[in-house]
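# Got a predicted structure plus its sequence, pasted below:
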Amino acid sequence: MNVIKYSWFAVLPILFLMACESKTQETQQEDSLQINDPTGLQMINAALEKNPNNPDLYYTRGEYFYQAEGFDEAILDFNKAIQLDSFQTRYWHGLANTYMDYYREKQALQTMQMASFLFPDSIYTQLKLAETYLILKDHTEALNVVSKVKNFNPNNDEVHYLAGLIFADNQELDMAITNMQTCVELNPSHIEAWFELGNLWSQKEQGNDPVLYYNNALRIDSTYLEALFAKARTLYNQGKYAECLDTYYTMGRMYPTDESSFYNAGLVLIALEDYDAAWEKFNFCVELNPVLVQAYYNRGYCDLQRGNLESGRADLEQALRFDPDYEKAKVLLSEIQ
């Protein structure tokens, strides 16, 4: 049977990204509370009954509510902690974080403006104010704050990193690269800056190879999933399919129950017209995630390319059962009716 070259298959997507974060000492202090046990709240409440004027207990309960997305309760507790002791930066930061996650950006900004006034020498507080302006897309004010911090702390890598993010968000790529490069010169272990440099050079589409920067990030942490995905995507766009596949296979070994690397490897194999190997990847995706519509579609596409019309049709029909509006499956199915 002649193999039919069906026209519909997806470009290389990134299905799932797992964010990696690094924290300064101040943020580590703020995020130290990890409560998964409801008895934790009972213990805090019992402590507050004995010490009703202890601001740290209100802050701790505020963190508990914040992590549980009980934002109204968190706001009350953070405000109570501030009322009892307004000179603790983490109280203000907790309140600002809650307002921001509660989509009350104006209150978040007002909170950080007050914190900035109270703690002019706290680099982290000033940078958090700049970050708040960045989230609100006020690049001018964000850069004003960062510039002031730079004047007094020119060798602080985080200042240059945040400046780079602000310039990048404002599409000033050259200035963003300059600041990110300064950041990694000051701190060669700043993994996020290496990653962002890769993204920036990728956006410029000419000049330095983004893969070099992603590799620098991966030398610091070989499991940095965002960098692995970005590296694989870049290699794919560069036509370096073998290296792209190696990267996805590396991810598959690291995260054997995450279907995204196997799915994307399947798409690369489709581009290489290795439909047998691609079918194996999509089949494994279906085993890992039986409701992944795209995996059924692509497994069916591979079967059609291999001349297995009945199994290919069955997978396309299964994809449409999960998603009746999946247009590509409809079109491909109509071609084999």
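Sure, I can see it. Quick caveat: nothing in here was measured; it's all calculated off a predicted structure.

# Any chance you could list what contacts whichever strand or helix holds residue 214?
Residue 214 is part of helix 210-220, with elements assigned from DSSP states H and E. Applying C-beta atoms under 8 Å, 6 or more residues apart in numbering, the external contacts of helix 210-220 come out as 184, 189, 191-192, 194-195, 197-199, 201-202, 224, 227-228, 230-231, 234-235, 238. Every residue, glycine included, has its C-beta placed from N, CA and C.

# same thing but 7 Å
189, 191, 194-195, 197-198, 201-202, 224, 227-228, 230-231, 234-235 (C-beta atoms under 7 Å, 6 or more residues apart in numbering).

# and the nearest residue to residue 69 once chain neighbours are set aside, how many neighbours does it have?
Beyond its immediate neighbours in the sequence, the residue positioned closest to residue 69 (C-beta to C-beta, 6 or more residues apart in numbering) is residue 101, lying 7.8 Å away. Residue 101 sits with 13 neighbouring residues when counted by other C-beta atoms under 10 Å.

# Against residue 66, how distant is residue 101?
Residue 101 sits 8 Å away from residue 66, going by C-beta to C-beta, to the nearest Å.

# close enough to count as contact, residue 55 and residue 83?
No - when contacts are counted by C-beta atoms under 7 Å, residue 55 is not listed as touching residue 83 (8.1 Å).

# Mind listing the shared neighbours of these two?
When contacts are counted by C-beta under 7 Å, 6+ apart, residue 55 and residue 83 have no shared neighbour.

# Could you chop the chain up by domain?
Following automatic domain parsing, one finds the domains of the chain at 26-119, 120-221, 224-337.

# Please convert those to JSON lines, extending it with mean pLDDT.
Supplementary listing: these in JSON lines, determined by pLDDT from 0 to 100:
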{"stretch": "domain 26-119", "mean pLDDT": "88"}
{"stretch": "domain 120-221", "mean pLDDT": "96"}
{"stretch": "domain 224-337", "mean pLDDT": "96"}
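
# in stretch 182-191, what counts as buried?
Neighbour counts over stretch 182-191 (16 or more other C-beta atoms under 10 Å) mark 182-184, 186-187, 190-191 as buried.

# repeat for stretch 163-180
Judged by neighbour count (16+ other C-beta under 10 Å), stretch 163-180 contains these buried residues: 163-168, 170, 172-173, 176-177, 179-180.

# Need the max-distance pair from those.
The most widely separated members of the buried residues of stretch 163-180 are 170 and 180, with 14.1 Å between them, by C-beta to C-beta.

# Please identify which of residue 55 and residue 83 sits among more neighbours.
residue 55 (20 against 11).

# How much space separates residue 238 from residue 232?
Spatial separation of residue 238 from residue 232 under the definition C-beta to C-beta is 11 Å.

# what about these two, which has more around it?
Taking other C-beta under 10 Å, residue 238 and residue 232 do not tie; residue 232 has more neighbours (28 against 13).

# and the more buried one, what is it in contact with?
When contacts are counted by C-beta under 7 Å, 6+ apart, residue 232 is found next to 244, 247-248, 264.

# Try it again at 10 Å.
12, 14, 211, 214, 240, 243-251, 261, 264-265, 268 (C-beta atoms under 10 Å, 6 or more residues apart in numbering).

# Just the ones of those in helices?
Here DSSP state H is the test, and the contacts of residue 232 give 211, 214, 243-251, 261, 264-265, 268 as lying in helices.

# rewinding a little: could you pick out the buried ones from the contacts of residue 232?
The neighbour-count test (16+ other C-beta under 10 Å) applied to the contacts of residue 232 identifies 12, 211, 214, 244-245, 247-248, 250-251, 261, 264-265, 268 as buried.

# can you list these in CSV and add distance to residue 59?
Rendered in CSV, the data for the buried ones among the contacts of residue 232 read as follows (distance: C-beta to C-beta, whole Å):
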residue, distance to residue 59
12, 45
211, 44
214, 39
244, 47
245, 49
247, 43
248, 44
250, 42
251, 39
261, 40
264, 43
265, 46
268, 49
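
# for these, which one is nearest residue 139?
Proximity of these to residue 139 was ranked by C-beta to C-beta; the top entry is residue 214 with 26.2 Å.

# how far away is that closest one from residue 184?
Residue 214 sits 13 Å away from residue 184, taking C-beta to C-beta as the criterion.

# residue boundaries of the helices in the stretch 101-250 of the chain?
105-118, 123-135, 139-152, 157-169, 173-186, 191-204, 210-220, 225-237, 241-254 (DSSP state H, counting those that start in this stretch).

# if we compare those, which one ends up closest to residue 295?
Across those, the minimum distance to residue 295, taken as C-beta to C-beta, is reached by helix 241-254, at 14.4 Å.

# So which elements touch that closest one?
With contacts defined as 3 or more C-beta pairs under 10 Å, 6 or more residues apart in numbering; DSSP states H and E, the packing partners of helix 241-254 are helix 210-220, helix 225-237, helix 259-271, helix 275-288.
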